[in-house]
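**Student:** structure here, sequence nowhere to be found:
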C-alpha cells in the first residue's frame with residue numbers, strides 16, 4: 001500500500017467530490033473517482049479514524065460495504081471497526097501512505113477491535129495494534145482473538161470483495177482456523193498475503209456495474225491459497241552471503257499517465 005511520493009498531490013488539494021453519478025475510473029493504483037460519496041464519520045459498528053485527512057470518500061459500493069460490515073460486526077460480535085483510508089474526494093494519488101486507493105474501491109480496516117467507541121481526540125491520533133510478531137514471523141497471540149477471524153471472514157464472504165490483503169502470518173492463521181469443508185474455504189482464496197498489513201487489513205472491491213472505465217485486476221489464483229503459495233512467503237533460514245557492493249545508477253520510475261477522464265476531473269475544480 002505504500003507510496004514513495006512525498007510531495008503533496010493536486011488530488012489532495014481538492015476538498016469536495018464532483019456532483020456527477022458515482023463512477024470509478026482507471027485502475028486501483030492509477031485512477032480517480034467521479035461523484036464520490038462521503039462515509040458518515042460514525043455509524044452502526046464503525047468509526048472513521050483520522051478524519052482530518054479527508055480520506056473517507058468512496059464509491060457507493062464501498063460506502064455500502066462498510067455500513068453493512070459494521071452492522072454485521074455490531075450485531076454478532078458487539079465490536080466497533082476502525083475505518084482507515086478509502087479515497088480522497090475525487091480519488092487520485094496520495095502523497096504518502098498508498099499507491100492504490102485511487103478509485104474509491106479500496107478500504108483499510110484496522111485490526112484494533114474495541115467494544116467501546118473512541119473519543120474525538122483518540123480518533124484523530126489513533127494507536128494501531130499489530131497482531132504479528134514481525135521479528136519471529138509468528139502470530140502475536142495476546143493481540144489476536146476469534147473476533148479478528150470472524151471480521152475478516154465476514155468481509156471476504158461479501159460478493160463484491162475480490163481481494164483482502166493481510167500479512168502472510170495472518171493468512172496462515174485464517175487457513176488454520178477455518179475448519180469447514182472445501183466448499184466453505186473458498187473465501188480464503190480472496191485473502192492475499194502482502195507485507196505491511198499486520199495492524200490492518202485492506203479490502204478491495206470489484207469494478208462496479210456502471211463504471212465502464214474501471215480497470216479490473218486479474219482474479220486471484222484458484223483454490224484457498226493455503227499451500228505452497230503461502231509457504232513461499234516464509235523467511236528462508238539458509239544463510240545468504242552478503243552481496244558484493246556494486247555501484248548502481250538509479251533508474252527513474254516511469255510516471256504513470258492517468259486516464260484522460262481523470263485529468264478532466266481534476267482540472268474542473
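**Tutor:** In hand now; what should we look at? Note that this is a predicted model, so its numbers are computed, not measured.
**Student:** in the stretch 1-150 of the chain, which spans are strands?
**Tutor:** Per DSSP state E, counting those that start in this stretch, the stretch 1-150 of the chain carries strands over the ranges 23-27, 30-34, 37-38, 42-43, 46-48, 57-58, 81-83, 106-110, 132-133, 138-139.
**Student:** between those strands, which one is nearest to residue 215?
**Tutor:** Closest approach to residue 215 among the strands of the stretch 1-150 of the chain (CB to CB): strand 23-27, 4.2 Å. No exception for glycine: its C-beta is placed from N, CA and C like everyone else's.
**Student:** between that closest one and strand 30-34, how big is the angle?
**Tutor:** Calculated by axes from the mean of the first three to the mean of the last three CA atoms, to 10 degrees, strand 23-27 forms an angle of 170 degrees with strand 30-34.
**Student:** how about the helices in the stretch 151-269 of the chain?
**Tutor:** Assigned by DSSP state H, counting those that start in this stretch, the stretch 151-269 of the chain shows helices spanning 168-177, 228-231, 260-267.
**Student:** looking at those, which is buried most?
**Tutor:** helix 168-177 (a mean of 20; mean count of other CB atoms under 10 Å).
**Student:** average pLDDT for that helix?
**Tutor:** Taken as a whole, helix 168-177 has a mean pLDDT of 96.
**Student:** in the stretch 151-269 of the chain, where is pLDDT below threshold?
**Tutor:** By pLDDT under 70, the weakly predicted segments of the stretch 151-269 of the chain are 181-183, 237-253, 269.
**Student:** before we move on, back to that, export the strands of the stretch 1-150 of the chain as a markdown table, with columns for distance to residue 204 and mean pLDDT.
**Tutor:** Shown next, in a markdown table, are the strands of the stretch 1-150 of the chain (distance: least, CB to CB, whole Å; pLDDT from 0 to 100):
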| stretch | distance to residue 204 | mean pLDDT |
| --- | --- | --- |
| strand 23-27 | 11 | 96 |
| strand 30-34 | 13 | 96 |
| strand 37-38 | 18 | 98 |
| strand 42-43 | 21 | 96 |
| strand 46-48 | 18 | 98 |
| strand 57-58 | 12 | 98 |
| strand 81-83 | 15 | 98 |
| strand 106-110 | 5 | 97 |
| strand 132-133 | 20 | 96 |
| strand 138-139 | 23 | 96 |
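**Student:** can you lay out these as JSON lines showing distance to residue 92 and mean neighbour count?
**Tutor:** As requested, the strands of the stretch 1-150 of the chain are exported to JSON lines (distance: least, CB to CB, whole Å; neighbours: other CB atoms under 10 Å):
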{"stretch": "strand 23-27", "distance to residue 92": "9", "mean neighbour count": "25"}
{"stretch": "strand 30-34", "distance to residue 92": "5", "mean neighbour count": "27"}
{"stretch": "strand 37-38", "distance to residue 92": "16", "mean neighbour count": "18"}
{"stretch": "strand 42-43", "distance to residue 92": "25", "mean neighbour count": "16"}
{"stretch": "strand 46-48", "distance to residue 92": "19", "mean neighbour count": "22"}
{"stretch": "strand 57-58", "distance to residue 92": "11", "mean neighbour count": "26"}
{"stretch": "strand 81-83", "distance to residue 92": "20", "mean neighbour count": "26"}
{"stretch": "strand 106-110", "distance to residue 92": "13", "mean neighbour count": "23"}
{"stretch": "strand 132-133", "distance to residue 92": "31", "mean neighbour count": "18"}
{"stretch": "strand 138-139", "distance to residue 92": "36", "mean neighbour count": "16"}
